[in-house]
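quick one: sequence and predicted model below, then my questions.
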Amino acid sequence: MTTNTISTSATSTPTTTAPAAVTVLGLGAMGSAIARTLLGAGHRVTVWNRTASRGEPLRAAGAAAAPTAREAVGASPLVVVCLLDTPAVDAVLAGVGDAVAGRALVNFTSGSPDQARRLERWAAEHGAAYLDGGVMADPPDLGTEHAHLSLSGSRTVFEGHEPTLRALGATTYYGEDAGLASLELMAQVGVAYELLIGLLHTLRLVRDEGADVARFADRVADALSASYPPLIRAIGTAVRDGVYPPDLGPLSVQAALMDDLVEHRRSLGVDTTRMAEVKRRMDERIAAGHGDQGFSSLFATIARATG
């Protein structure tokens, strides 16, 4: 039975040990940034891309450009993959085959947890050790404190190559289940999109009422940074433990505002999907006798709905 212990490390400057040899497959915006950052940290970098011309700027910066993915893999004990999507990874690895045997394969291509687990099985069948990764940063931020890497899969690969990976950003290892890094990335990005689409609908409401949307957004940003971190942590604890204190106040009190919130949006033609869902789930919990609980208790209706 494997364990999933989270381990976090910050970025670091290059050490005095011999620079590691690293191959980077895929030279889109993120792959190129990974290769350039590793070069800047003193590593010996071999690159490959299906469109060979994309490797020219990196070759000029000191990287070796391999003519085929198979030759690129053979050049380094550590192989970093960063392609458009998992089907692209499948296609490239199919051409590499057993050349990955004995190598550490780190995949920073976005994909689902199940895709990561399947790629780990493929790596094992071909004699390679697999580490899945997610990059929570824009390409220019790689190598700085603003870049965060989620990693999971082979503990041996993580521990053996952590100094090299830390050149790219702060690293967090989530455990030996290869799908956990992808889960972290997708969940973090999902929260952001859920928040931002709700913000856009609310900005329409604010604009249609004639208020200054930029100043309103400033106030929301201040409120989020001041009060939401402890609330989010408290909700996470409540969901984990199944104990729902009256965060934001009891549902019986919160629900009194919901009709007005929904009707206000409806009167302006603003989308009511999210607010109507909140009201429906609050009404369900109150009807079940849980009006003394808080907003976090709505998770009980979500968990039941999804099985």
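Sure thing, it's come through.

gap between stretch 242-257 and the chain center?
Offset of stretch 242-257 from its chain centre (Cα atoms, centre = their mean, to the nearest Å): 30 Å.

quick one, helices of the protein?
For the chain, the helices defined by DSSP state H occupy 29-40, 56-60, 69-74, 86-96, 113-125, 155-166, 180-208, 213-241, 251-267, 273-287, 299-306.

helices or strands up against the second one?
The elements that helix 56-60 packs onto, with contact taken as 3 or more Cβ pairs under 8 Å, 6 or more residues apart in numbering; DSSP states H and E, are helix 29-40, strand 44-48, strand 64-65. All C-beta atoms are positioned from the backbone trio N, CA, C, and that covers glycine.

if we use 7 Å, what do you get?
helix 29-40 (3 or more Cβ pairs under 7 Å, 6 or more residues apart in numbering; DSSP states H and E).

same deal with the fourth one?
Other helices and strands packing on helix 86-96, by 3+ Cβ pairs under 7 Å, 6+ apart, are helix 69-74, helix 113-125.

which ones are touching Asp218?
Going by Cβ atoms under 7 Å, 6 or more residues apart in numbering, Asp218 touches no other residue.

repeat that for Thr171.
9, 149, 151, 162, 165.

rewinding a little: output the helices of the chain in a markdown table; the columns should cover mean pLDDT and distance to Ala137.
A markdown table is the format used below for the helices of the chain (pLDDT from 0 to 100; distance: least, Cβ to Cβ, whole Å):
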| stretch | mean pLDDT | distance to Ala137 |
| --- | --- | --- |
| helix 29-40 | 97 | 9 |
| helix 56-60 | 96 | 19 |
| helix 69-74 | 97 | 24 |
| helix 86-96 | 96 | 20 |
| helix 113-125 | 97 | 19 |
| helix 155-166 | 96 | 13 |
| helix 180-208 | 95 | 11 |
| helix 213-241 | 95 | 20 |
| helix 251-267 | 94 | 35 |
| helix 273-287 | 95 | 28 |
| helix 299-306 | 83 | 30 |
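
ranking those by burial, who's on top?
Among the helices of the chain, helix 29-40 has the highest mean neighbour count (mean count of other Cβ atoms under 10 Å), at a mean of 22.

that older thread, so which of the helices of the chain gets nearest Val22?
Closest of those to Val22 is helix 29-40, at 5.4 Å (criterion: Cβ to Cβ).

nearest residue to Val73 other than its sequence neighbours?
Ala99 (4.7 Å; Cβ to Cβ, 6 or more residues apart in numbering).

how many neighbours does that neighbour have?
The tally of other residues near Ala99 (other Cβ atoms under 10 Å) stands at 20.

geometrically speaking, which residue is the centre of this structure?
By Cα atoms, centre = their mean, the mean C-alpha position of the chain lies nearest to Leu185, the distance being 1.6 Å.

identify the residues contacting that residue.
134, 136, 150.

how about Ile6?
Applying Cβ under 7 Å, 6+ apart, we find Ile6 in contact with 172-174.
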